[in-house]
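Novice: everything below, folded, please.
(2 chains)
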Amino acid sequence: EVQLVESGGDLVKPGGSLRLACAGSGFTFTNAWMSWVRQVPGKGLEWVGRIKSKTDGGTTDYAAPVKGRFTISRDDSKNTLFLQMSSLNTEDTAVYYCTTGLAVAISVNWGQGTLVTVSS
Amino acid sequence: QTVVTQEPSFSVSPGGTVTLTCALSSGSVSTAYYPSWYQQTPGQAPRTLIYNTNTRSSGVPDRFSGSILGNKAALTITGTQADDESDYYCVLYLGSGSWVFGGGTKLTVL
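Specialist: Just a heads-up that it's a prediction; the model follows:
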């Protein structure tokens, strides 16, 4: 069974930084294309970004609102996905979900999410 | 900026069939946009129903199906049950590595 467990969500001040982690199990992490999707409480889903598997180049893509501020990386030796967030603002307040995907789908399996609150 | 549009709300009777759609603010949706569909109930993480237009995710009953209808992606639910009452989201690939979600449809079963 695929399991994705996010961690690292916290309360952070505007302008601050935070790193989220997502531990995966039950699938071949090395081969997985992974994404982050966020959701402001009570609002809709927003794609944040994706990282390809290393065998497919390991490259990343990002949504416009986070490009240049957020960085997705992976440690395949630890089956862990990361989201490094910097220059955070109140609009980044959301539940952040880690997902596994494919080339043709950003999200097939979902974690339970971790809440990031940006507030002074 | 391209916007992905879904019906804000929809109602269906138990046992009925409903088709939710996913459209582009400009242009037609085709299989090249790799539409996916997700179901979310309050307080829960989303669940993937359909990806790559019409591929059902593992464990999803065949009451749920995806297609292209005219110039939109579509999610059809047949034999609707009370626990299908949820929010439904689509996502489309807009090229250059960019994916955009629709605003979601709140489905009421009554």
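Novice: what does chain A have sitting close to chain B?
Specialist: When proximity is defined by CB under 8 Å from any CB of the partner chain, chain A lies next to chain B at A:37, A:44-47, A:50, A:61, A:63-64, A:97, A:102, A:104-113. C-beta coordinates here come from the backbone N, C-alpha and C atoms, glycine included.
Novice: where's the residue of chain B positioned farthest from its centre relative to chain A, distance?
Specialist: Each residue of chain B has a distance to the centre, and by CA atoms, centre = their mean the biggest one is for residue B:96: 22.4 Å. As judged by CB to the nearest CB, to the nearest Å, residue B:96 and chain A stand 8 Å apart.
Novice: again with residue B:5
Specialist: Per CB to the nearest CB, residue B:5 is found 12 Å from chain A.
Novice: just residue B:31 next, same as before
Specialist: In this structure, residue B:31 and chain A are separated by 9 Å, where distance is defined by CB to the nearest CB.
Novice: that residue and residue B:55 touch, don't they?
Specialist: No. Residue B:31 is beyond contact range of residue B:55, at 11.0 Å (criterion: CB atoms under 8 Å).
Novice: so for these two, which sits in the more crowded spot?
Specialist: Neighbours were counted for residue B:31 and for residue B:55 using other CB atoms under 10 Å in any protein chain shown; residue B:55 has more, 17 against 13.
Novice: tell me what the more buried one is bridged to.
Specialist: Each beta-bridge partner of residue B:55 is listed here: residue B:51, as defined by DSSP bridges.
Novice: for the residue nearest in space to the middle of chain A, pull up the helix or strand it's in.
Specialist: Nearest to the centroid of the C-alpha atoms of chain A, with distances taken as CA atoms, centre = their mean, sits residue A:36, at 3.0 Å. In the assignment (DSSP states H and E), residue A:36 maps to strand A:33-39.
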